[in-house]
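Peer 1: Need a 3D model of the sequence below.
(chains A, B, C, D, E and F, ligands or ions: 3)
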Amino acid sequence: MEDLYRIWQDTGLYNFEPGQAAMLGVGLLLIYLAIQKGFEPLLLLPIGFGAVLSNIPVAGIAEDGGILYFLYAGIKSGVFPLLIFLGLGSMTDFGPMLANPKTLLLGAAAQFGIFGTLFGALALNAVPGLHFTFKDAAAIAIIGGADGPTAIYVASRLAPDLLGAIAVAAYSYMALVPLIQPPIMRALTSREERLIEMSQLRVVSKREKMVFPVVLIVLTAMLLPSAAPLIGMFCLGNLMRESGVVDRLSKTAQNELINVVTIFLGLSVGSKLSASAFLRTETLGILLLGAIAFSIGTAAGVLMAKLMNRFTKAQVNPLIGAAGVSAVPMSARVANKIGQEENPHNFLLMHAMGPNVAGVIGSAVAAGVLLALVR
Amino acid sequence: MEDLYRIWQDTGLYNFEPGQAAMLGVGLLLIYLAIQKGFEPLLLLPIGFGAVLSNIPVAGIAEDGGILYFLYAGIKSGVFPLLIFLGLGSMTDFGPMLANPKTLLLGAAAQFGIFGTLFGALALNAVPGLHFTFKDAAAIAIIGGADGPTAIYVASRLAPDLLGAIAVAAYSYMALVPLIQPPIMRALTSREERLIEMSQLRVVSKREKMVFPVVLIVLTAMLLPSAAPLIGMFCLGNLMRESGVVDRLSKTAQNELINVVTIFLGLSVGSKLSASAFLRTETLGILLLGAIAFSIGTAAGVLMAKLMNRFTKAQVNPLIGAAGVSAVPMSARVANKIGQEENPHNFLLMHAMGPNVAGVIGSAVAAGVLLALVR
Amino acid sequence: MEDLYRIWQDTGLYNFEPGQAAMLGVGLLLIYLAIQKGFEPLLLLPIGFGAVLSNIPVAGIAEDGGILYFLYAGIKSGVFPLLIFLGLGSMTDFGPMLANPKTLLLGAAAQFGIFGTLFGALALNAVPGLHFTFKDAAAIAIIGGADGPTAIYVASRLAPDLLGAIAVAAYSYMALVPLIQPPIMRALTSREERLIEMSQLRVVSKREKMVFPVVLIVLTAMLLPSAAPLIGMFCLGNLMRESGVVDRLSKTAQNELINVVTIFLGLSVGSKLSASAFLRTETLGILLLGAIAFSIGTAAGVLMAKLMNRFTKAQVNPLIGAAGVSAVPMSARVANKIGQEENPHNFLLMHAMGPNVAGVIGSAVAAGVLLALVR
Amino acid sequence: MEPSITDLLQNGLQLMIVGMGIVFLFLALLVAAVTALPRLLRRVAGEKAYEQVAPTPLATSEPAIDTDVMSAIQTAIRLYETQN
Amino acid sequence: MEPSITDLLQNGLQLMIVGMGIVFLFLALLVAAVTALPRLLRRVAGEKAYEQVAPTPLATSEPAIDTDVMSAIQTAIRLYETQN
Amino acid sequence: MEPSITDLLQNGLQLMIVGMGIVFLFLALLVAAVTALPRLLRRVAGEKAYEQVAPTPLATSEPAIDTDVMSAIQTAIRLYETQN
Ligand code: NA
Ligand code: NA
Ligand code: NA
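Peer 2: Ligands and ions are numbered 1, 2, ... in the order given. Below you'll find the predicted structure:
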C-alpha cells in the first residue's frame, strides 16, 4: 500500500508547519471578525479565506500555477485597486463637498495621520528586533489614509512583503473607527463645540458635479502626476456617474465590476498572508502604528476644524473634522452620532460627507507624494 | 487578378481538410443537441460553437494569436473551472444534507463510478487500437463524478489532449441522466423499497449552514490538500452565500461572474475539439466509458442506500442513492420522479438533494485523490 | 529642501511637453463632445479620458507598468473588439432583414464607402507631407464601415499607430450621421422616391432567426475565413439570444460583459492618442477621408436601392439604402426621419433596420477581405 | 524600395473591384440562403410543426420587444388609418 | 518502457481501493462533524442564543427560498394527508 | 551601508513637512477652484442657459429606444386628435 503512504505524506496533517497552522487560524479569525463582528466583511471575508487557502500545505494555491498566484497579478500590476477606485468614483457624490468647499481642508489636515505615522514607524527602528526601511515606513504610514485600495496600491508598490499586514490593519481599523474615534473627538472638543449647528448646504448644480472630476484630474496632471492613476480612475468613475450619458457603464462599474474585483482583490491580499511575511515582530509594529495613524488623523481633523473656526464666521462643528480621515462612510456616521448625543436634532451627516470624501482625495494626494519621493 | 486567386486560396472551401469539416459537423451537432434537445445548453452551446470556430481553416481562431487561444489560458491555469466552482458554491444550499448527514455516505458510494471506470479504461488497453495511459484513464474516470467543472479541472491537469472529449462526454451524459438512471434504479430496487417514505427533514439553523463550509475547508486542508483548490472555491462561494454579510459579492458570483466564465469556459473547451484530438478511436472509448461510469455510480449509490437500511432504523429510500452521482439537480429530480411513479404523494426531492450535493463534495475528494496519486 | 525640488521636477507643469498639453486638450474636447453634444458617449467618454490619462507626463499610465498599458493587451490580442461583437450580436434582431432579404444588397453596396476610401487614401499620397502605406490606407478605409469594433479590430491588425485617430474618426462620424447623410440622401432622390411606402414586413418565425446565425457562420467558414473571428463572435451572441435556452448568458453578454469591455476598450483606444501618433498631418487626412467614406457609403446605398427598383416590382424606398452603412441604429433613424419629412405617416424605421444590420455583416465581410489581401 | 503612387493606385483599384465583388457575392449568397430558409425549415419541420411555431412570436424572449412593439404600433396605426 | 496491462490493472485496482477508502473516510468524518455540529454550536452559543436563532430562518436571504418553500409545502401536504 | 536612525528620522521629518505642505497646497487650490466653479459656469453658460438646464435633468437619460416609441405614440395621439 505504497499509495496509502504517499497520500499520508501528502496530507495537511503530515505537512503542516506550525506557521501555516497559525496563519490558518489568523485566516479563520479574520473570517470570524468579518461575519460575526461585521468588520468590513466585503474585504475581510475574502482576505481571510485567501489566507486560509494560501496556507494549506502541499496545495500550493498561492504558488506559481495556483489560482491565487494568478489573481495576485491584478495587485502587482496595480489594476485591481485602480478598478476599485473606478467603482468607488462612480459611487461617490461630491455634492456635500462642493456645497462647502472649505471642508476640503479638513480632509487635508487628517492626512497628518499618514505623515505622523511615517515618522513613528521610523522611530520604531530604535526598538530592538524591529526593522523598517524608509519604503516600509511609507507603506505602513498610508494606513493612516483610512482608504483600503489606496493602502493596497501604495503597499504593492513600496513594500509588497508587508502588503498582507498593511491591508489587514487598514480594513480592521476602518471597522474599528466607531471605537477609536469617539474618545479622541470628545477629548478635543468642548460641549459647546459639539453642539454647533451648521447652516444648511446649498443645492449643487448637476453641471458643477460634472465639471468637478475634470477639474480635479487636470489639477492632478499639472501638480502631482504620481497621484494620477489613483485620482484619475476615481475621476473617470465620478464623471461617468455625473455626466448622466453613460449610465450603463456607471452602473456596471459600481456593481458587477467592483464586486468581481473585490473578490479577486481580497483573495489576492490573503495570498500574501504567509507565516514568513505575517508572523513577525514587524506585524505587531504595524498594528500598533495603524491605531496611532487613525488616532493622529482624527485628532488633526478635529483640531483643524477648531482652527478654521477662529478665522471664518460660518462655524464648523469640529466633530466633522474627524470624518476627514475618510473611512467612507463610517467616520461620517460617527461624527453624526457623537453630535446627536449632545443634540438629537443636530444632523451632521451631510456636513461630514464633505470632509469624508475630501479625505479620499487627500490620501490619494499623500499617496502621490509618497510614490514620488520615496524610492 | 492575382488577388482573386489569393482570396480563393484563402477560402475555407479550398483549405478544408476532411477532419475539420467533420469537426464542424460535430460542433453543429452539439449546438443542435443543446438547443433542440436541451442538452445542458449553458455549456454545450458555447462548446459546440467553440468547436465550429476552432475548426474553420486559415482563420486560426484557436491558434496562437486567436481569441480562443487566449481564452484557453483560463482553463490551462485552472482559473475558469475554479471560478465556476465559486459560483456553484454560492448557489448551493447544504441544508438538506446537514439535516440528514448520513446521506453523505451515498455521495461517497457513487464515486465508485469514478474508480470503477478508471479500472475499465485501463482494461480497454487490451482492445487493439486503443491506448490509454494511467493519466488518461484517471482523466476519463472523472466523468463518473458527473460534475462538469471538476471533470474539466482534472482533465486539464492530467490529460489536456482528451479535454474536449471528456467535457463533451461529461455534459452529454449529465443531460442523459433521465434516460440512463431509471432502468438501473428500477432493476436494483423492489417496489417496497421505492415506496419508502422518509421522515421530514429537520430545520437547519442559519449558523450551521454558515459554519459548514468552514468545517469542510479545514478538513480538506488537514486531510486532502490536493482537493483544496476545488473544495476551497466551492466553500468560499457557499460561505459568501450563507454568511449573509456579503450579499453583493455572492449575487455577482452566482450571476454575472459565473455567466461570463461559462461563456469563456465553453468556448475554450470547444477550442480543444480539433480533428486530431477528437476523431480517434479513443473518443469512442471515452463515450463508452462515460456511460459505464454514470451507470456504476448510480448503481453504487442505490446499493449503498440498501446497505445502510440494514444497519439503521430510519429508513432511506434507495432511489435517492442514485442522486449521489451529483449531476445537480437533474439526478435528484429523477429520484423524485421514479418515487412518485409508485406513490404520487412521496416527495423525495428534498431528501435527494442531500446525496446530490454530497456527490459534488465526493467527486471533488475523488479528484483530489487522483491529482495526488496519478503522476 | 531637496524633496521640494524633486517634487517640482516631478510635476506636470515642469514636464509637460507641448504635444502632451495639446493631447490633453484633445481628450477634454472628446469628453466635451461626448457629454454635451451626445457624440457616442459610451465610447468617446472613455476614449477621451484615456487620452487625458495617457498624456499626463511622468505618470506613465500608458507605458509599461501602467494600467492603460495592461488594458491595451485586450486590443492588441483582438479580444476586446471581439467581445463587443459578441455583445452586439446578442442585442441584434435580424428579423427585419430576414423578412426582406434583398435589403442585404443595400448593406453590400454601402461598403463601397470602404473601398472608395481606400483608393482615396492612396491618392492622398500625392499630397506632399502625407504618407499612407497600403496597410494604412486599408485601416483608414474601414472607417467607411461605420462600425466601431470592426474599425478598431482591423486597425489594430493593420496599422496600430493610426488606431487612435481611426477610432476617433469612426465614432465621431457615426455621431455625425444625422448631419452627413440627409443632404446626400435628398440630392440623390426625387420627392416621389422619398414618398415610396413599403409593404408591411412579414412575421419572421423564431426558428428562422435561430437558424440564421448558424447559416451565416457556416457560409463565412466556407468562403471568407478571415472574417470568421468578427462574424463568428457576432453569430454566437445572436444564437445565444435567439435560441432562448441560454438567456442568462445572453443577458450577461449584452449587459455587464459588454459594459466592462466598453470601458476597457475606450480607455485602451485613448491610450493610443499620443502626440506623436495623433498630432500629424496624417490625422487631418484621416478625418477628411472619414467624412468622404461615410458620404460615399451613403450614396452607394441610396443608388443601389434605386437600381434595385428598376428590376423588382416590390419597390424599395431609396432612403433606406443610406442605412446600409450600418452606424446602428442612427442611420436607420435618419432614413425614417427624412421619409417622414415628406409623409409623416410613412414609417420606414423597421424597413431601414434590414439594411442597417446587413451593413454590419457587409463591413465585417469587407474587413475579412482587407485582412486576407492586405499584408 | 517604396512602391510608386501609380502602383499603389492600381493595386487599390484592383482591391476595390475584388473587394466589392466578394462583398456582393457573399451577401447575394446570403440573400439566396435567407430566401430559401423558411421553405427549407417548413420542409424539415413539416406543416404542423411550422404552424405550431406561428402563434408563439408574441411569447418570444423579451429582448426583441422593441421590434415587436414597433411593428405592433405600426400595424395598429395602419389599421386605424384604413378604417377611418 | 511501457507498463504492461497487468501492471496497469493492478495499479488501477490498488488506486480504486485506496481512492474509495479515502472518499469514504473523508465523507464519514464529515458525517461525524456535521452530526456533532448543532450540539457544538448550541454549547458555544448557550441555550438562549440558540433559541434566538431558531425563529430567523424564515427571514434568511432569498436564494434559500426554494428549499424553504419546498419543505413548507412538504409539511403542509403531510399535515393535509394525516388530517383527512 | 544602512542609514542611521537619526538620518531616517530627519528624512522622515522633512518628508512630513513637504508632504503635508503639498497636501494642503493641493487641497487649498481645489478649494479655490471649487469656490470659483459656480460663478465660472454661470458666466460660460450665461444666465438663460443656466436656468434652462434646471428643468431638463429629468428628461436626459439615454435609452434612445423610448424616444422612438415615444414619437410613434406621439404620432398616434396626434393622428387621433386631428381626426376626431
Ligand atoms: Na483618507
Ligand atoms: Na459527483
Ligand atoms: Na457597415
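Peer 1: what's the helix or strand for A:Leu219?
Peer 2: Using DSSP states H and E, the element containing A:Leu219 is helix A:206-223.
Peer 1: Is ligand 1 within reach of the helix or strand following that helix?
Peer 2: Going down the chain from helix A:206-223, the next helix or strand is helix A:228-243, by DSSP H and E. No. Figure legend: helix A:228-243 not in contact with ligand 1 (Cβ under 5 Å from the ion); closest approach 11.3 Å. Just so you know, the C-beta spots here come from the backbone N, C-alpha and C atoms, and that holds for glycine as well.
Peer 1: Helix A:228-243 to helix A:206-223, inter-axis angle?
Peer 2: Helix A:228-243 runs at 170 degrees relative to helix A:206-223, counting by axes from the mean of the first three to the mean of the last three Cα atoms, to 10 degrees.
Peer 1: What helices and strands are in contact with the helix holding A:Leu219?
Peer 2: Counting contacts by 3 or more Cβ pairs under 8 Å, 6 or more residues apart in numbering or on different chains; DSSP states H and E, helix A:206-223 packs against helix A:95-99, helix A:228-243, helix C:12-15, helix C:18-36, helix C:41-54, helix F:5-53.
Peer 1: so what secondary structure elements neighbour the first one?
Peer 2: Okay, so that is helix A:95-99. Against helix A:95-99 (3+ Cβ pairs under 8 Å, 6+ apart) you get helix A:206-223, helix A:349-373, helix F:5-53.
Peer 1: After it, which helix or strand is next? Please name it.
Peer 2: Once helix A:95-99 ends, the next helix or strand along the chain (criterion: DSSP H and E) is helix A:104-109.
Peer 1: Report the backbone C-alpha coordinates of the helix or strand just after that next one in CSV.
Peer 2: Per DSSP H and E, helix A:104-109 leads on to helix A:112-123 as the next helix or strand towards the C-terminus. C-alpha atoms of helix A:112-123 as CSV (Å, rounded to 0.1, in the frame of the first residue of the first chain):
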residue,chain,number,x,y,z
PHE,A,112,-1.3,64.2,9.2
GLY,A,113,-2.2,60.7,10.3
ILE,A,114,-0.1,59.4,7.4
PHE,A,115,3.0,61.5,7.8
GLY,A,116,3.0,61.4,11.6
THR,A,117,2.9,57.6,11.4
LEU,A,118,5.7,57.6,8.8
PHE,A,119,7.8,59.3,11.5
GLY,A,120,6.6,56.9,14.1
ALA,A,121,7.5,53.9,12.0
LEU,A,122,11.0,55.2,11.5
ALA,A,123,11.3,55.8,15.2
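Peer 1: packing partners for helix A:112-123?
Peer 2: helix A:134-141, helix A:281-311, helix A:349-373, helix F:5-53.
Peer 1: give me that answer again for 7 Å
Peer 2: helix A:134-141, helix A:281-311, helix F:5-53 (3 or more Cβ pairs under 7 Å, 6 or more residues apart in numbering or on different chains; DSSP states H and E).
Peer 1: how big is the angle separating it from helix A:134-141?
Peer 2: Counting by the same axes, to 10 degrees, helix A:112-123 lies at 140 degrees to helix A:134-141.
Peer 1: what does helix A:112-123 rub up against?
Peer 2: Contact with helix A:112-123 is made by A:132, A:137-138, A:140-145, A:289, A:292-294, A:296-297, A:300, A:325, A:363, A:366, F:8-9, F:12-13, F:15-16, F:19-20, as judged by Cβ atoms under 7 Å, 6 or more residues apart in numbering or on different chains.
Peer 1: close to chain C, is stretch A:259-271?
Peer 2: No. Contact of stretch A:259-271 with chain C is not found when judged by Cβ under 7 Å from any Cβ of the partner chain; the minimum separation is 8.6 Å.
Peer 1: that older thread, which of the helices and strands packed on helix A:112-123 is buried the deepest?
Peer 2: Highest mean neighbour count of the helices and strands packed on helix A:112-123: helix A:134-141, a mean of 27 (counted as mean count of other Cβ atoms under 10 Å in any protein chain shown).
Peer 1: Show me what secondary structure element comes after it.
Peer 2: Heading C-terminal from helix A:134-141 (DSSP H and E), you reach helix A:148-158.
Peer 1: Let me know the angle separating that following helix from helix A:134-141.
Peer 2: Angle, helix A:148-158 to helix A:134-141, by the same axes, to 10 degrees: 170 degrees.
Peer 1: Check which helices and strands helix A:148-158 sits against.
Peer 2: Under the contact definition 3+ Cβ pairs under 7 Å, 6+ apart, helix A:148-158 sits against helix A:67-76, helix A:79-89, helix A:134-141, helix A:163-188, helix A:349-373.
Peer 1: Mind putting these into JSON lines with mean pLDDT and distance to B:Ala227?
Peer 2: Shown next, in JSON lines, are the helices and strands packed on helix A:148-158 (pLDDT from 0 to 100; distance: least, Cβ to Cβ, whole Å):
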{"stretch": "helix A:67-76", "mean pLDDT": "96", "distance to B:Ala227": "14"}
{"stretch": "helix A:79-89", "mean pLDDT": "97", "distance to B:Ala227": "27"}
{"stretch": "helix A:134-141", "mean pLDDT": "95", "distance to B:Ala227": "36"}
{"stretch": "helix A:163-188", "mean pLDDT": "94", "distance to B:Ala227": "25"}
{"stretch": "helix A:349-373", "mean pLDDT": "95", "distance to B:Ala227": "41"}
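Peer 1: With distance to C:Ser90 added, can I get the ones you listed in JSON lines?
Peer 2: Shown next, in JSON lines, are the helices and strands packed on helix A:148-158 (distance: least, Cβ to Cβ, whole Å):
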{"stretch": "helix A:67-76", "distance to C:Ser90": "27"}
{"stretch": "helix A:79-89", "distance to C:Ser90": "24"}
{"stretch": "helix A:134-141", "distance to C:Ser90": "44"}
{"stretch": "helix A:163-188", "distance to C:Ser90": "38"}
{"stretch": "helix A:349-373", "distance to C:Ser90": "37"}
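Peer 1: who in chain A is up against chain B?
Peer 2: Contacts of chain A with chain B, taken as Cβ under 7 Å from any Cβ, map to A:3, A:6-7, A:10-13, A:24, A:28, A:31, A:34-35, A:38, A:41-42, A:45, A:49, A:52-53, A:56-59, A:61, A:66-67, A:70, A:256, A:259-260, A:262-263.
Peer 1: redo that, cut-off 8 Å
Peer 2: For chain A, the residues in contact with chain B (Cβ under 8 Å from any Cβ of the partner chain) are A:3, A:6-7, A:10-13, A:15-16, A:24, A:28, A:31, A:34-35, A:38, A:41-42, A:45-46, A:49, A:52-53, A:56-59, A:61, A:65-67, A:70-71, A:255-256, A:259-260, A:262-263, A:267.
Peer 1: Could you list the low-pLDDT ranges of the chain?
Peer 2: You didn't say which chain, so I picked chain A. By pLDDT under 70, the weakly predicted segments of chain A are A:1.
Peer 1: wrong one, chain D
Peer 2: Counting by pLDDT under 70, chain D contains low-confidence residues at D:1-2, D:45-84.
Peer 1: any idea how far chain C is from the residue of it found nearest ligand 3?
Peer 2: Proximity to ligand 3, evaluated over chain D using Cβ to the ion, is greatest for D:Val23 at 10.3 Å. Distance from D:Val23 to chain C, counting by Cβ to the nearest Cβ, to the nearest Å: 5 Å.
Peer 1: Ok, A:Asp247 next?
Peer 2: A:Asp247 is 10 Å from chain C, where distance means Cβ to the nearest Cβ.
Peer 1: so A:Ser268 sits right up against A:Ile75, yeah?
Peer 2: Yes. Counting by Cβ atoms under 8 Å, A:Ile75 is a contact partner of A:Ser268 at 4.8 Å.
Peer 1: Neighbour count: those two, which is higher?
Peer 2: Counted by other Cβ atoms under 10 Å in any protein chain shown, A:Ser268 and A:Ile75 do not tie: A:Ser268 has more neighbours, with 31 against 23.
Peer 1: Please list all residues in contact with the closest residue to A:Met304 other than its chain neighbours.
Peer 2: Here the nearest residue to A:Met304 in space, its sequence neighbours aside, is A:Ala109; by Cβ to Cβ, 6 or more residues apart in numbering or on different chains that works out to 3.3 Å. For A:Ala109, the contacting residues are A:Ala300, A:Gly301, A:Leu303, A:Met304, A:Gly321, A:Gly324, F:Phe24, by Cβ atoms under 8 Å, 6 or more residues apart in numbering or on different chains.
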